[in-house]
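Novice: Show me the folded form of this:
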Amino acid sequence: MKPLLCHVDAFTTTAFAGNPAAVCVLPEDRPDEWMQSLAREMNLSETAFLRRLGEGTWSLRWLTPAVEVNLCGHATLAAAHVLAAEGLWEGTSPVRFQTRSGELTVGRGDGVYTMNFPADPVKAIPRPNELEVALGVPPVYTARGKEYLLVEIGSLERLRKMRPRMGVLAGLPFLGVVVTCEGPGGDEPHFYSRFFAPAAGIAEDPVTGSAHCTLATHWAKRLDRTTFLARQVSARGGELRVELHGERVNLIGSAVTVTRGELLV
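Specialist: Take a look at the predicted model:
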C-alpha cells in the first residue's frame with residue numbers, strides 16, 4: 001500500500017486561501033531522514049505525517065522544510081480534515097493525535113473542526129535590542145511564550161505594511177515571532193496578527209494555529225475575555241475562532257482539500 005499524500009488549505013472555506021499543508025498518511029513507519037526529505041520536497045510551511053496507532057488514535061508529526069516542530073495548528077487541522085474526507089475517522093468521537101506536545105484531540109461538526117491545544121502563557125520581557133530594526137515598526141509591548149516572541153504594535157495599518165528584515169529576525173533567540181494588534185471586536189476580529197519563523201525555514205506563515213495558543217493568553221489579559229475571532233493578515237489570510245479554557249485553547253476552523261494522490265517513492 002502506497003502512502004496517501006494530500007495538499008490541504010487550512011483555516012479557510014475556499015481553496016487557494018488560508019494556510020496550505022501537505023498531509024502524508026503512512027501505512028508503516030518511515031525513517032526520519034525520508035520524512036524530512038519529503039517535507040523539503042513539498043516546500044510548504046508544514047508537512048504532517050499520520051500513522052494509525054489504534055481505533056481513533058493516530059501518531060502525528062509535523063516537519064517544516066528544515067526541521068521537525070513541537071506543535072502546528074494548521075497541519076493538525078489539515079490532518080483531521082484528511083481523515084474525515086478519506087473515511088478514516090470512525091464514528092463521531094474526537095480523533096486523538098499522539099504528538100511531541102502530548103495528546104491532542106480534534107472534534108468535528110457543521111463543517112468545522114475544533115482542536116484542543118495547550119495554552120502558551122506569555123511573560124513580559126524587555127524589548128530585544130535588534131527588534132525594531134528587524135520589524136521596521138516600534139513595538140508597544142513584548143513578551144515571550146515557550147518558543148515564540150510576541151510583539152504588540154499600534155495599528156492594523158502598520159501590521160499590514162510591515163516588511164521585516166528576515167536575516168535580523170532569524171538571529172533572535174526565538175523559534176518564531178508573532179506580531180499582533182488589537183481589532184475592533186463585535187462582528188470583526190478582536191485581534192490581528194502576522195507570524196515569522198525564518199530560523200525554522202519559514203519567512204512568513206500564512207495562518208499559524210500554534211501562535212494563537214500564545215495570542216490567546218495575551219489578549220485574554222488585555223481584553224478581559226476568553227473567546228475571540230482572530231484574523232492573520234498574511235497575503236493569503238485566514239480566520240479562526242479561539243477559546244481559552246484555563247490551560248487549554250480551542251482553535252476552530254475549516255479546511256479544503258486541493259489535491260490528493262499516491263506517493264510513488
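
Novice: Domain map for the protein?
Specialist: What automatic domain parsing lists as the domains of the chain is 4-116+253-262, 123-246.

Novice: can you put these in CSV and add mean neighbour count and mean pLDDT?
Specialist: The way it works is simple: take the backbone N, C-alpha and C, and place the C-beta from them, glycine included. Converted to CSV, the domains of the chain look like this (neighbours: other CB atoms under 10 Å; pLDDT from 0 to 100):
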stretch, mean neighbour count, mean pLDDT
domain 4-116+253-262, 19, 96
domain 123-246, 18, 96
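
Novice: Check for me that residue 169 belongs to a strand.
Specialist: No - under DSSP: H, G, I helix; E, B strand; the rest coil, residue 169 falls outside any strand and is assigned helix.

Novice: For it, give me its contacts.
Specialist: Shown in contact with residue 169 (CB atoms under 8 Å, 6 or more residues apart in numbering): 134-135, 177, 196, 198-199.

Novice: Could you work out the most separated pair of those?
Specialist: Across the contacts of residue 169, the longest distance by CB to CB is 15.1 Å; it joins 135 and 199.

Novice: ok now the longest helix along the chain, how far from the chain's centre?
Specialist: With secondary structure taken from DSSP state H, the chain has its longest helix at helix 209-223. The chain centroid and the centroid of helix 209-223 are separated by 13 Å under CA atoms, centre = their mean, to the nearest Å.

Novice: That one - contacts with which helices or strands?
Specialist: Counting contacts by 3 or more CB pairs under 8 Å, 6 or more residues apart in numbering; DSSP states H and E, helix 209-223 is packed against helix 73-85, strand 112-118, strand 148-152, strand 176-182, strand 191-197, strand 227-232, strand 238-245, strand 248-253.
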